[in-house]
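**Student:** with the sequence up front, the predicted model follows.
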Amino acid sequence: MPSISVVIPTKDRESILVNSLDKLLKADPDQRFEIIVINDSENPILLPESFAERVKVERNKGRGVASARNTGAELSAANWLWFLDDDMWVNRLLADRVQQHISSGTHEIGRASCRERV
């Protein structure tokens with residue numbers, strides 16, 4: 001079972017979402033995260049086949065971002081939830097920090113961030 005369910009609501013921003021998912025998958029090569037995308041649009045999302053094994057996509061039918069996050073939380077299998085926007089990039093350092101924080105026994109994370117100079 002994954003330790004963290006990453007819930008990403010999206011609506012009609014497929015190319016941005018694909019870029020974000022690509023970075024998230026690269027940041028999590030050990031597959032610690034369950035990745036759930038909630039599509040809040042009537043339009044289907046077409047993701048690369050290479051994402052199929054790791055990314056679960058569910059429809060929310062235009063009920064809004066709060067409802068999309070709640071739907072993702074209901075579908076999650078992990079004990080921890082990490083809500084991301086579809087335009088957020090997660091690098092390996094941030095993914096590791098979140099995992100370390102959870103593994104430390106801390107019971108709450110309000111916000112996790114990391115800055116990396118390019």
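**Tutor:** That came through fine.
**Student:** show me the shaky parts of this structure.
**Tutor:** Across the chain, the ranges flagged by pLDDT under 70 are 106-118.
**Student:** quick one, helices of this protein?
**Tutor:** Along the chain, the stretches classed as helices by DSSP state H are 14-27, 65-75, 92-103.
**Student:** okay if I get those as TSV plus mean neighbour count?
**Tutor:** To be clear about C-beta, it is placed using only N, CA and C from the backbone, and glycine gets the same treatment. Shown next, in TSV, are the helices of the chain (neighbours: other CB atoms under 10 Å):
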stretch	mean neighbour count
helix 14-27	17
helix 65-75	17
helix 92-103	16
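**Student:** what would those look like in TSV with distance to residue 52?
**Tutor:** Shown next, in TSV, are the helices of the chain (distance: least, CB to CB, whole Å):
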stretch	distance to residue 52
helix 14-27	11
helix 65-75	17
helix 92-103	21
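**Student:** residue 55 is nearest to which of these?
**Tutor:** Closest to residue 55 of these is helix 14-27 (CB to CB; 6.1 Å).
**Student:** and the angle for that closest one with helix 92-103?
**Tutor:** Per axes from the mean of the first three to the mean of the last three CA atoms, to 10 degrees, the angle that helix 14-27 makes with helix 92-103 is 70 degrees.
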